[in-house]
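Build me a model from this:
(one chain, ligands or ions: 1)
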Amino acid sequence: MFNIVIFGKPGSGKGTQAVFLKNKYELYHISTGDLFRKNITNETKLGLEAKSYLDKGDLVPDIVTIKMLENEVLSNKDAKGYIFDGFPRTLHQAESLDLFLDTIDLKINATIALEVNEDELISRLLERGKVTNRSDDQDIDKIKNRFNEYNNKTSILINYYKNQSKFFSVDGKGSVDDITSRLFDLVDSLK
Ligand code: ADP
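The predicted structure follows:
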């Protein structure tokens with residue numbers, strides 16, 4: 001089992017690269033953002049709870065997010081490994097993930113950050129907003145709020161995973177293919 005957290009600011013390419021990693025290493029891909037958006041589209045109870053947070057670019061409360069994540073792992077226990085995309089995003093989420101994985105005899109093997117500067121991210125997100133209709137990608141204040149959420153609540157996880165010797169980072173600038181090769185080289189060196 002090889003379990004990866006793909007980590008980075010909004011727009012850093014986590015979702016795009018997670019799909020390549022998932023295919024190459026036969027991992028089950030869990031994107032908390034995609035799960036929330038699916039629930040919002042389907043108007044489930046969870047979707048209704050999460051909608052106002054996503055609309056503003058705020059993090060959804062941990063209690064909701066952690067439960068959703070655990071259910072998704074437990075519903076896909078045949079996986080050869082997982083790639084967590086957009087989770088954890090708070091210290092409490094990271095600690096809960098470790099405790100939860102321990103109960104099913106799993107652990108995180110590596111956390112891989114995609115490093116991209118904020119100016120580049122803003123232009124990527126505004127471009128994505130034009131093609132996907134994601135409201136949180138169409139408004140500069142919402143984008144900045146997501147960076148604030150990252151800086152205030154998520155960036156602390158870099159040290160959390162460094163303390164466990166599980167933190168790696170990759171240059172997230174350049175062509176999609178180049179970044180994928182960097183990630184494959186890194187994962188191959190870790191496996
Ligand atoms: P991005 O990384 O570009 O912000 P995501 O699809 O990963 O896109 O996340 C979109 C939104 O979903 C976040 O702004 C937040 O509202 C919510 N969300 C996703 N993952 C989490 C999480 N782990 N904890 C809390 N909220 C989350």
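
What parts of the chain come near the ligand?
With the criterion set to CB under 6 Å from any ligand atom, the chain comes near the ligand through 10-11, 14, 32-33, 36, 53-54, 57-60, 65, 86-87, 89, 93, 136, 146. From N, CA and C alone the C-beta is placed, and that goes for glycine too.

Report the buried members of these.
10-11, 14, 32-33, 36, 53-54, 57-60, 65, 86-87, 89, 93, 136, 146 (16 or more other CB atoms under 10 Å).

Tell me which stretches of the protein form strands.
Under the criterion DSSP state E, strands of the chain are mapped to 4-7, 28-31, 82-85, 110-115, 167-171.

so which residue of the protein comes closest to the ligand?
Distances between the chain and the ligand by CB to the nearest ligand atom are smallest at G33, namely 1.8 Å.

Now do the contacts for that residue.
Shown in contact with G33 (CB atoms under 8 Å, 6 or more residues apart in numbering): G15, L54, D85, G86.

same question, T111
I4, V5, F7, L157, Y161, K166, F167, F168.

Would you state the helices of the chain in chain order?
Under the criterion DSSP state H, the chain carries helices at the ranges 14-25, 32-41, 45-56, 62-74, 91-103, 118-132, 140-149, 157-163, 176-190.

Give me the number of neighbouring residues for D102.
By the criterion of other CB atoms under 10 Å, D102 has 10 neighbours.

Alright, that wraps it up for me.
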